[in-house]
Structures are given as C-alpha cells and as structure tokens.
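> what follows is a predicted structure for the sequence shown.
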Amino acid sequence: MPLVRISLIKGKPAAHIRAIADGVHQALADTFGVPADDRFQLIDQHERDGFLYDADYLGVHRTDDLVMITILASNWRDTARKQALYQAIAVNLARDPGLRREDVMVVLSPNQRDDWSFGKGLASYVTPA
Amino acid sequence: MPLVRISLIKGKPAAHIRAIADGVHQALADTFGVPADDRFQLIDQHERDGFLYDADYLGVHRTDDLVMITILASNWRDTARKQALYQAIAVNLARDPGLRREDVMVVLSPNQRDDWSFGKGLASYVTPA
Amino acid sequence: MPLVRISLIKGKPAAHIRAIADGVHQALADTFGVPADDRFQLIDQHERDGFLYDADYLGVHRTDDLVMITILASNWRDTARKQALYQAIAVNLARDPGLRREDVMVVLSPNQRDDWSFGKGLASYVTPA
C-alpha cells in the first residue's frame, strides 16, 4: 500500500538507485508488514540546483549523496513502528549502496485505508477485489 | 481544490496523456463535486527504470501502460464518494485513451480546507477572496 | 521540518527559481517558526503541456508564471498561522523574483511529528538525536 517517492541528485549509476529502492522496500516489508508484492515506487532525479538541502540541520552532516524518501502510507502505524522503519531503511541503505546513514532522510505522509485504489476502479482495501 | 499528479512511463503520445488528465478531471467533477474550472494537474513522465510497480499485487494484472494518479484533496469525502471517484476514473480512462482498468491506480492524500491558497496570499476557502 | 516541492513551467532562469525557493523558506521561518537551517526543497520543472492549471478559478487570473508550491509539514499550525504563511510567501515572491501574487499557489499537506527522519535512522523529533 505504500507509494514511495525517492528523490536524489541526477547522475548516480542505475545499480545505486536500484539498491536504494530495494532497501526501502525490504524495510517496509520487515517493519511495516507490507507484502513483498505491494511495491510501487517512483524515482525523481533532480539537477543539483533543483535539490536543496541543509548540510547540517539537527547536527546531521549531509552530502550530495542525500536521498529524500517520501512514503504515502495509511496512518495506523504507531511511533515505535515508524522508528523501526527509519532504522531499517538506514541500515539497509548503509549496506547497499553504501550510503552514510546521515544521507538517508525519510518522511511519511499519512492517509486512510479507503484512500487506495489499486486498479479496476475499486477501493482495494474496502471492497472485495 | 484537488491537486492531481499523474505519473507514467515516458513515451506516450501527448493525446494519450491529455485524455488521462481530462478523464481524471471529469471524474472529480462528476463524483467529488469539483467545479469545472478547479483544475490543477501535474504530469510526471518517468524513465522505465524510475517507475517501479508490481505486475500482480492483489491479483490485478498491470502493464507498462500503468498510470499512478495521486490526488491531494480535502478530507471531508466519505468512503462511498471515494468509491464513486475510483470507479469514474477507471471508466473514463478505459473509454479514452483506452486503458485497461487494471492499469489505473489512484491514491488520495488528505488535507483540510485551510490548507489551500489559490493565489493572492489568501487561504482561499477560509477568507473571502 | 517542512519538505517543500516547487513546481513550475520549464525555462525560467536559475536566479528566478532560486528567488522563489528563498522566498518560500524565508516565509516559513517568519510565520511557521521553521529554523533557518531546516531547509529541504525539491524543484520540479514541467513541460508546458505537463503543467495544467485553470487561468481563472475563484476569479484569480493566472499566467504561465504560475508556481505551485506544496509543503509537507506537521499539522499543529492553526488557520491564522497558515494565513500568515500564504501572505508572507505571496509578498516575498512579489518582491523577488517579481511574481504577480495571483501566480503564487500554495498547498499544505499535513503529517505528524513522528513522521520525520532527518538521518541516522532516527525519528528526529521523538528520539534524542
């Protein structure tokens, strides 16, 4: 059910970007109970001057490897689950493609179960498919 | 009031994309009570490898014609209205540009009436324009 | 904490776009209590036919200079604060880069404090960094 947007500066190899997408999805599966086949991700590659970030906000030192990940997902998860998700994404992306954990930013955007239609004109989590 | 983002794989003819945008707007007018002139839509065309989807999640078979439509809209609609919207979008896009209804995905992102400014620095639905 | 997306038609000078980004951030600092170094902004430049807007909705006359600004931010601000934000953004962008106030559209997208991770795998506003 999550719809994931992955934003980063243009120019990374395809394998780098794919590893990010894979790592985010695995973290969602491991901590948010997202099924393996519930995967929908959009990649936005920005020009350097179209991707503005502060290099030190909250004392976290960021570089041009920064990836901003926004996840539209239903709002029934509690804080502990969200913390587990952030941790899992950072760990996965540190392993592959080898990002610094400071360069992984995640923002959740909440909606409801009846806000999703996965095709056929149905509210997929409300009406029987 | 809705702000619509239409995401699809790069390479479709302009008329195909325009028909999708038109069909989504007509569905919002018919089911969500959106005025004909309340139309604001952004089109995001992605490279094939920047548009990741599962081809079978929930038993719905998707192809590279898939369009992901996210709609930021105020959250006062009930489930029945949302179901009518999903149905209308799928019907409209099946007619023109002829998409399979399985290739139409819709996600709502809720906000409030005071979250909108349509210009002039005003909260358009709160302050008199 | 806000994550800002600035969408406009392709072709404006870099200084024009930078002035928009600066003006939005200054307005957030002045009215929403956002720290100067809490700045994260993504710029989306669209082809003309991928940026659809109504030129007169609500009696506000818009041109191709229109900028659509969406701001993902925690939902604890009241209506008065939001009104101050819209006003400040319009005033700032009218001064520089000299936009008409009718060409400044702002939409807020609300989330919660525990929906943010600014790096290191932590829920930045919940766990001590």
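Now that the structure is in, tell me what you want to look at.
> in this structure A:Asn108 contacts A:Gln83, no?
Actually, residue A:108 is Leu. It isn't Asn. No. With contact defined as Cβ atoms under 8 Å, A:Leu108 does not reach A:Gln83; the gap is 11.4 Å. C-betas here are computed from N, CA, C, even on glycine.
> closest point of chain A to chain C, which residue?
Chain C sits closest to A:Ala90 of chain A, with a gap of 3.1 Å, by Cβ to the nearest Cβ.
> contact partners for that residue?
Listed by Cβ atoms under 8 Å, 6 or more residues apart in numbering or on different chains, the contact set of A:Ala90 reads A:101, A:104, C:117, C:119-121.
> neighbour count for A:Leu108 and A:Gln83, which is higher?
Counted by other Cβ atoms under 10 Å in any protein chain shown, A:Leu108 and A:Gln83 do not tie: A:Leu108 has more neighbours, with 24 against 18.
> which stretch of helix or strand covers that one?
strand A:104-111 (DSSP states H and E).
> and that strand, does that touch chain B?
Yes. Residues of strand A:104-111 are located near chain B by Cβ under 8 Å from any Cβ of the partner chain, namely A:109, A:111.
> where in chain A is pLDDT low?
Within chain A, the stretches with pLDDT under 70 are A:127-129.
> that older thread, can you mark which positions in the strand holding A:Leu108 are buried?
Judged by neighbour count using 16 or more other Cβ atoms under 10 Å in any protein chain shown, the buried positions of strand A:104-111 are A:104-111.
> before we move on, what about stretch A:86-102?
Under 16+ other Cβ under 10 Å, the buried positions of stretch A:86-102 are A:86-94, A:97, A:99-102.
> got it, and stretch A:17-36?
For stretch A:17-36, the buried set under the neighbour-count rule, 16+ other Cβ under 10 Å, comprises A:17-29, A:31-32, A:34.
> so which of these is the closest to C:Thr70?
Looking at the buried residues of stretch A:17-36 and their distance to C:Thr70, the nearest is A:Val24, at 21.4 Å (Cβ to Cβ).
> stretch A:14-28 near chain C at all?
No. Stretch A:14-28 does not reach chain C (Cβ under 8 Å from any Cβ); its nearest approach is 9.8 Å.
> show me where chain A has its strands.
Under the criterion DSSP state E, chain A contains strands at A:3-9, A:40-46, A:51-53, A:67-74, A:104-111, A:116-117.
> how about those in TSV, adding distance to chain C?
Below are those laid out as TSV (distance: least, Cβ to the nearest Cβ, whole Å):
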stretch	distance to chain C
strand A:3-9	6
strand A:40-46	6
strand A:51-53	4
strand A:67-74	7
strand A:104-111	4
strand A:116-117	17
